[in-house]
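Colleague: Make a model of this:
(4 chains)
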Number of protein chains: 4
Amino acid sequence: MRRIGVLTSGGDAPGMNAAIRAVVRKANYHGVEVYGIYHGYEGFIQGKMELLDLGSVGGIIQRGGTKLYSSRCAKFKEQKYQLQGIEKMKDAGIEGLIVIGGDGSFRGAYALADLGLKCIGVPATIDNDVPGTEYTIGFDTALNTVVNAVDKIRDTATSHENTFIIEVMGRHSGNIALWSGLAAGAESIIIPEEPYDIDEIIARIKRGEARRKKHSIIIVAEGVMPASELARMLKEKSGIDMRITVLGHIQRGGSPSAYDRVMASRFGAFAVELLLEGKTRRAVGIKNNQLYDYDLQEIFKTEQKNTSGLYTLSKELSI
Amino acid sequence: MRRIGVLTSGGDAPGMNAAIRAVVRKANYHGVEVYGIYHGYEGFIQGKMELLDLGSVGGIIQRGGTKLYSSRCAKFKEQKYQLQGIEKMKDAGIEGLIVIGGDGSFRGAYALADLGLKCIGVPATIDNDVPGTEYTIGFDTALNTVVNAVDKIRDTATSHENTFIIEVMGRHSGNIALWSGLAAGAESIIIPEEPYDIDEIIARIKRGEARRKKHSIIIVAEGVMPASELARMLKEKSGIDMRITVLGHIQRGGSPSAYDRVMASRFGAFAVELLLEGKTRRAVGIKNNQLYDYDLQEIFKTEQKNTSGLYTLSKELSI
Amino acid sequence: MRRIGVLTSGGDAPGMNAAIRAVVRKANYHGVEVYGIYHGYEGFIQGKMELLDLGSVGGIIQRGGTKLYSSRCAKFKEQKYQLQGIEKMKDAGIEGLIVIGGDGSFRGAYALADLGLKCIGVPATIDNDVPGTEYTIGFDTALNTVVNAVDKIRDTATSHENTFIIEVMGRHSGNIALWSGLAAGAESIIIPEEPYDIDEIIARIKRGEARRKKHSIIIVAEGVMPASELARMLKEKSGIDMRITVLGHIQRGGSPSAYDRVMASRFGAFAVELLLEGKTRRAVGIKNNQLYDYDLQEIFKTEQKNTSGLYTLSKELSI
Amino acid sequence: MRRIGVLTSGGDAPGMNAAIRAVVRKANYHGVEVYGIYHGYEGFIQGKMELLDLGSVGGIIQRGGTKLYSSRCAKFKEQKYQLQGIEKMKDAGIEGLIVIGGDGSFRGAYALADLGLKCIGVPATIDNDVPGTEYTIGFDTALNTVVNAVDKIRDTATSHENTFIIEVMGRHSGNIALWSGLAAGAESIIIPEEPYDIDEIIARIKRGEARRKKHSIIIVAEGVMPASELARMLKEKSGIDMRITVLGHIQRGGSPSAYDRVMASRFGAFAVELLLEGKTRRAVGIKNNQLYDYDLQEIFKTEQKNTSGLYTLSKELSI
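Modeller: Residues are numbered from 1 along each chain as shown, chains lettered A, B, ... in the order given. Coordinates of the predicted model:
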C-alpha cells in the first residue's frame, strides 16, 4: 500500500485531530502517503482531498473539533454515490480508507468495504456507545467538561440551596450521565438503560433536607426526557421548584484530555497497521486494555454497555 | 467599633468568599470581631450568625459560591422585618454591617442605614451593572467561563460549518455578552443597550460564507430575547438553520479568577476601613482604578455602562 | 463489623478525598460507622481520629489533597508503635482499617494485618506504580496537569523556536513521562524503563529542523536524571541551547479529573465490601477493567509496568 | 496609508495573536493591507513577510504564543541593520509599522521612528512593566496561570503541612508575584520593589503554626533571589525545611484570558487608528480605563508601578 485516505464523519469528538495526526505519522513512518478527505463522506463523494504531510498535522494534537471537518451526508446512503466516491479514490491512487467516527459512520465504511474499498473504522464519539469496543475517542474529554460544568453549578446550588436538573448528551446511551453523575456526586442520575422512579428521586431530595442538606443535583440523559419535562413532573409531585440547565454543545468541544490524546494516538496508529496488513471491513477496538480489531458487522448488533455496576454504586453513594 | 457583621445576598458571584475572607482578616487586623450572617437578609431577620475567625476563612479564597449562603428574601422589604433584624444585631453587639451583593441587595442596605444601622455595600454580581462603580466582583470570572464555553462550541461549529446562537446572562445589561463576544471573536453580538438589525446579522453570515468561512457565532444577552426566538427570526428571513445553546447557571459558578480575587480582597478590606471611619450608607466602588466610596442612593439612578466604544469595535473586528 | 477507620498516607494524590467519601458513604449505606484518622500513620499511633458522617464528606469529591492530611512517618516502621496504634484502634472499637496510599503505605498495612488488625489497601499515587493493579488514583489528573503545562510551554517554544526539556515526576516509574509525552506530542521521552541514546535525541531535533520545524519538546522522568543534567549533556554534544522547566509539586494537586473521581469512588466502595466480607491483608486493584482484590504481599515483588508498546508508539509518532 | 506591517518581538505573551488579529481586521475595515513580519526584528531586517488577510487571522484569538514568531535580535541594535530593514519595508510599499512587545521592543521602534519609519508600539509582556501604560497584554493570563498553579500546590502543602516557596517571573517587577500572591492568599510575598525581612517571614510562619495552621506559601519574584537561595536563608535562621517550586515557562503560555483578548483587541485596533492619523513614535497605553497614546521616549524613564497599596493590603490580609 502506497497511499491511503482518512476522513472524519458524524458528530465531532475531541481527539479526532490527534487520531488524524497518528494516522499520518504512523503511515509516514512506514513510507505510506496519507490524503485527508474533507467534510466526511460529502468530500469522499466529490474527491475533495489534500496530501497531509508531517507539517500539516503539527500543532493539532491539542485541538478540539476536526481539521478535516465533518458532516452528516444523507445521500451517501445511495450506492451510486458510494461508487462515485470509490472511483474518485481510485483516480487518486488511494488504496485504503480510515474512517474516524461513530456507528453511523461505520455503516458507511461497511458499505464501502463491501464494494471493494479497503476500510478500517476508528471509533470516535463522545457517547462511548459504539458496539464492539469499550472506549471511543472523546468520551473522557466530554466527561471532564460535564463534571467541570456541574462543579460550577453546584457552587450556585449550594449557595442558594436549590435543586438543579442538568441535562446532558446521550440519546440512547447513559454513559455520559452515569459517569459524570458519579464523578460530580449527583444525588440522582437518570439514564435510558435503567428505569427511574419519580418518588424515589423526591425521597432522596427530602432525605437530604432532613439532614440539613438543602441542595441537590439531578443529572438526566437527553434520551430519557428533556430537563424541563422532568422539572415539571417533579414539581407536580413534590411542589419543589427545580432549576434546569441544558449543557448542550459545549460537551463536544474543547482540547482533548490526556487520555483521549493517548487513545486517539493508539487507535489511529493501529488502524494504519491493520490496513498495512491488508485487512478491511474491520474496526479498531479496545477490550481489557488491549487493542484489537473486529468485523464492522458487529455494529449492527444492538449492544448496550452494562451500566448496572456503576448505577448501583451511584445509588449507594448518594444515600 | 468592636464587632461587625457580614452577609451575602442576591445572586451569588465568584469572589464573594474572597470578599468575606478580606472582611474578616482586615477587621481582625484592626482588632474587630466579625460575625457571618447566614442566608442573606433571611438570616439577618432571624439573627442566624456565627463568629468568623481567621481559621474559618482559611481555604475559601479560591472557592466559588458563598460560604455564608445567599437568598432572595421577599419579606425583607417590609420595615417591620428590617427593624426585627436590627434588633437582633443590637442584641449581638453588632455595630456595623457589610452587605456583599448587587443593587437589589444594596437597596436593603440603604433601608437599614436609614433605620440607624451602619451599612456598607460591596458590589458583587456577575453582570457588572451596579451604578456608581466600574467593576463588580464576579464579572471577570463569568466572562472567562463564557469565553471558554464559546471556544468549545466554536470547535464544533467550525468542524460542522454551522451557525450557533449562544444565549448568555444579562437581563438589563449587555456587559457579559459584549465582552465575551469580543473576546471569543463572535460574528454578531446582541445586547439590550444597542438596537439590532436582523438583516445586518444575516448579511454578516453571508459575507463570511462568501469568503469560504462557513461557521458563525452569534451571542445574545437573555434580556433581548431567548436564543430560540432569535433562531426562529433568522431562519424565517434567511432560511439558515441555527443551533442554539443557553449557557445558564454555569456562568455564576467556578473558582474566581485572579482578578476577581484581588478585587474582592480590595473591596472587602476597604469596606472595613469605611466602617471603622464611622461611615454608613456608602458603597465601595472603583473608578479609574481607584477605590472610593459613594452614597448608596446612587443605585436608584438608572445608569447604564457606556458600551458604545466596545460595541463599535466588535462590529469593526467582525467584518 | 460496626466501625472502621480510614487514613491517607504518603504522597497525596488527587482523588484521595473522593475515595474517603466513598468509604464513608458505602459504609454508612451498610450501617457501619467510619472514623477518619488524621495525618496517616502518625495519627494512627496517637489515635487522632474523628467520626465522619455523611455531611462531613459533603463537597469534597472535587477537592485535591486529602481532608485527613497525610504524612510520612518514619517511626511507624518500629513494631512497638504499630502495636500502640492497634491498641488505640481497639480502644475506639475500630475493627478494620482502610489505608489509601502508595506501596510505602501498603507496607504499613501489611505489617498491621500481620499483627491482627484487618487491613485493606486502596492504591492512590500519581505515579501509577503500585504492583498488582493497572491503575492508581491520581494518575489521570496528574497526566492532565502535565499535558496542560506542556501545551503552555509549547506556545512559547513554538513562538521562539526553542528546544525545551521538561522534567516530570517519576522516580522509578516513567508512566507520567511516557503518557504525558505521548499526549503532548513530545519529540523525545526519556524514562527509567528504557535506555536512552543522546545521539538519537539530537538526530530527532536535527530532523525536525531539516523540515523547518525549529522547536522541540523533550520530557524526562526525574528518576533518570535532572533536566539540567540532560541539558548539559545535549549542549555538549550538539551545541544547542536548551531551556528547562521542572514541573514540580503542581503535579500532585488540583481538582481530580472525572476518571479519578469515578475510580476513587469504585475503589473506596470496594474496599468497604472487602472488609465487610471479613477479608484482610488485601489490596483493591483493577485488571482488565474489573475490580478485584489481591494479597498485599504482592507489593514486595518488583514489577514494572510494561511500557514497551507505548514507548515504541511514541517513537514512531515523533518521526 | 495603503499598507502597514506588524511584528511581535521579545518574550511572547498570551494575547499577542489577538492583537495581530485586531490589527489586521481593523486595518482591513479601513481598506488598508497588513503584512505580517516574521521573527520580530530579525525578519524585519531580512524582509521576511507575508500578506495577512481576514482568513489568515481566523481561529487565532484564543491561541497562546504568536503566529508571527518572536525573537530577541542582538544585531538590530546596529543602525545599519535598522536602515536595511527600513529599505525592505519601502520596497514592499509598507508605510507604517506596529510593534507588539515589551519595552525592549519599544526601543527598537523608537530607533526606527527616528530613522523615518512610522512606528506605533503595542505593549505586550506578562510582566506588566512597560512605562507609560497601566496594563500590558498577557499579564492577566499569566496571573491566572500562576494562581492556578499555587492553588494546586496548596492542596499538597495543606495535606502535608509543609511550607512552600514558589518562584515566579519578574526580573525588575514584582507585579506577577504581588497580584498572584494576593489572589492565592500567600502568607508572604517578596518583590523587588519592597524590602523584605527574613525574621518577619519566619514570624508569620510561626504565628500560623501557633493557631494550628501548619502550611504556608511564600511567593518570591525571580528578580529578588532564586527560591533555593531563600529556602537556604530561611532554613538557616529557623530550621524549617521548605519545599520549592520554580514555575518557569508555563507562565508565558496558554490561551489568553477574556480580559487579555479584549485588551489586545482594543490595543491593536487603536494602534491602527494612530497610524491612520499619521502619528509615529507613539505607544498605545491605558490610563484610568481610557486608551491613549504617548511618546515612545517615555520608556527611557525608569518608572516603577506603585505597589505599596497592594503590598500593604497583602500584609494585612495574611496576619
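Colleague: State which one residue of the stretch 151-300 of chain A is found closest to chain D.
Modeller: The minimum distance from the stretch 151-300 of chain A to chain D, using Cβ to the nearest Cβ, falls at residue A:255 (8.6 Å). (Each C-beta comes from the backbone N, C-alpha and C, glycine too.)
Colleague: neighbouring contacts of stretch A:309-319?
Modeller: A:178-179, A:181-182, A:185-189, A:191, A:193-194, A:204, A:207, C:21-22, C:25-26, C:28-29, C:54, C:262, C:265-266, C:269 (Cβ atoms under 8 Å, 6 or more residues apart in numbering or on different chains).
Colleague: Can you pull up the residues of chain A that come close to chain B?
Modeller: A:8, A:12, A:14, A:16, A:63-66, A:69-71, A:145, A:149, A:151-156, A:158-161, A:164, A:243-246, A:248-250, A:252-254 (Cβ under 8 Å from any Cβ of the partner chain).
Colleague: Now intersect the residues you listed with the helices, please.
Modeller: In helices, defined here by DSSP state H, the members of those are A:16, A:145, A:149, A:151-156, A:158-160.
Colleague: Next secondary structure element downstream of the lowest-mean-pLDDT helix or strand in chain A?
Modeller: Scoring the helices and strands of chain A by mean pLDDT, DSSP states H and E places helix A:198-210 at the bottom, with a mean of 90. Under the assignment DSSP states H and E, the closest C-terminal helix or strand after helix A:198-210 is strand A:216-221.
Colleague: Relative to the whole chain's centre, how far out is stretch A:112-121?
Modeller: From the chain centre to the centre of stretch A:112-121 is a distance of 22 Å (Cα atoms, centre = their mean, to the nearest Å).
Colleague: quick one: contacts of it?
Modeller: A:79, A:82-83, A:85-86, A:89, A:95-101, A:105-106, A:109-110, A:271, A:274-275, A:278-284, A:293, A:296.
Colleague: any idea how far the residue lying farthest from the centre of chain A is from chain C?
Modeller: The C-alpha centroid of chain A is most remote from residue A:210, which lies 39.0 Å away (Cα atoms, centre = their mean). Distance, residue A:210 to chain C, by Cβ to the nearest Cβ, to the nearest Å: 11 Å.
Colleague: and what of residue A:276?
Modeller: For residue A:276 relative to chain C (Cβ to the nearest Cβ), the value is 12 Å.
Colleague: so which strand or helix has residue A:5?
Modeller: With DSSP H and E as criterion, residue A:5 is part of strand A:3-8.
Colleague: so what does that strand touch, helix or strand wise?
Modeller: In terms of contacts (3 or more Cβ pairs under 8 Å, 6 or more residues apart in numbering or on different chains; DSSP states H and E), strand A:3-8 is packed against helix A:16-29, strand A:33-37, helix A:40-46, strand A:96-101.
Colleague: picking up where we left off before, run a quick neighbour tally on the residue of the stretch 151-300 of chain A closest to chain D.
Modeller: 21 (other Cβ atoms under 10 Å in any protein chain shown).
Colleague: separation between it and residue C:141?
Modeller: Going from residue A:255 to residue C:141 by Cβ to Cβ, to the nearest Å gives 16 Å.
Colleague: now residue A:146
Modeller: Residue A:146 is 16 Å from residue C:141, by Cβ to Cβ.
Colleague: Repeat that for residue A:204.
Modeller: With Cβ to Cβ as the criterion, residue A:204 and residue C:141 are 29 Å apart.
Colleague: Have a look at these two and say which one is more surrounded.
Modeller: residue C:141 (28 against 18).
Colleague: My read is that residue A:146 contacts residue A:245, right?
Modeller: No. Taking contacts as Cβ atoms under 8 Å, residue A:146 lies outside contact range of residue A:245: 10.9 Å.
Colleague: Remind me what the helix or strand harbouring residue A:181 packs against, helices and strands.
Modeller: Following DSSP H and E, one finds residue A:181 within helix A:175-184. Packing contacts for helix A:175-184, counted by 3+ Cβ pairs under 8 Å, 6+ apart, involve helix A:139-160, strand A:163-168, strand A:188-190, strand A:216-221, helix A:308-317, helix C:258-276.
Colleague: touching chain C at all, the third one?
Modeller: This means strand A:188-190. No. On the criterion Cβ under 8 Å from any Cβ, strand A:188-190 is out of touch with chain C, staying 12.3 Å away.
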